[in-house]
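Trainee: Pasting a predicted model and its sequence here:
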Amino acid sequence: MGTILKLEDICYGYTDGNYKREILKHLSYEFEEGTFYTILGPSGSGKTTLLSIMAGLDKQESGSLYFQGENLNDIGLNRYRRNKIGVVFQSYNLISYLTGLENILTAMTETDNPLPSNRKELAYALLNMVGIADTKADRMVTHLSGGEQQRIAIARAIAGNVDLIFADEPTGNLDTDTEKEIIRLFQMLSEQYGKTIIAVTHSNEVSRFSDHRILLRNGVLNDL
């Protein structure tokens, strides 16, 4: 397996008046293809900030990120977000006035990656893969449970034919049984479909089932 995402000497901080708080301190790490990672850390350690930088939603102060060996500055953040990655949020972030199927079809229009012409059939297949039957795929997402909405969010994240998925506290709003189902789903995506999953979580239950557990503390990442 090769490296899909490389962080090199990443620095980031907040300024509050005359005080500068360094969140990420010359942080370096390499993430491998087809692997399920979880990032743990104390509250306020910068886990979500790091995820936002890796997903191209925020910009580091210094240092470089490489996707499959290419600097993100050369790829361009818009192109990177559109074509290289998917993101799963704690609050799902689905379009509330659409069905599950329509959310997936909408995501397919937002990528430049090649997709089959039969997109509706593919969308149903993706939803089935994450455990959403056709009958539920055709319901408004607001009429579905939190776990079902998160499954749709995961299907949406991979709908653009991407290999790297970021997840920010993906089970934070879910009960214990549903949390376990989402964990198994991430395991399936990495083991059977070769997706790289990088999830920020406060849950040891989620973390202990990942391939690699990483701790963010004092601005740096270390394997557990």
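Mentor: Structure's in. What do you need? Numbers count the residues shown, from 1 in each chain.

Trainee: the bottom helix or strand of the protein by mean pLDDT?
Mentor: helix 204-207 (a mean of 86; mean pLDDT, DSSP states H and E).

Trainee: quick one: pLDDT of the nearest residue to Gly46 once chain neighbours are set aside?
Mentor: Spatially, and ignoring its direct neighbours in sequence, Gly46 is nearest to Ile23 (3.8 Å; Cβ to Cβ, 6 or more residues apart in numbering). All C-beta spots, glycine's among them, are computed from the backbone N, C-alpha and C. pLDDT recorded at Ile23 is 94.

Trainee: got a list of contacts for the strand or helix carrying Leu216?
Mentor: Leu216 is part of strand 212-217 when elements are defined by DSSP states H and E. Outside strand 212-217, the residues that touch it by Cβ atoms under 8 Å, 6 or more residues apart in numbering are 29, 35-42, 45-47, 50, 207, 221-224.

Trainee: The longest helix belonging to the chain: which residues count as buried?
Mentor: Using DSSP state H to define each element, the chain has its longest helix at helix 176-193. The neighbour-count check on helix 176-193 (16 or more other Cβ atoms under 10 Å) flags Thr178, Glu179, Glu181, Ile182, Ile183, Leu185, Phe186, Leu189, Ser190 as buried.

Trainee: next one: stretch 28-47
Mentor: Buried-residue list, stretch 28-47, by 16+ other Cβ under 10 Å: 29, 31, 33-41, 45-47.
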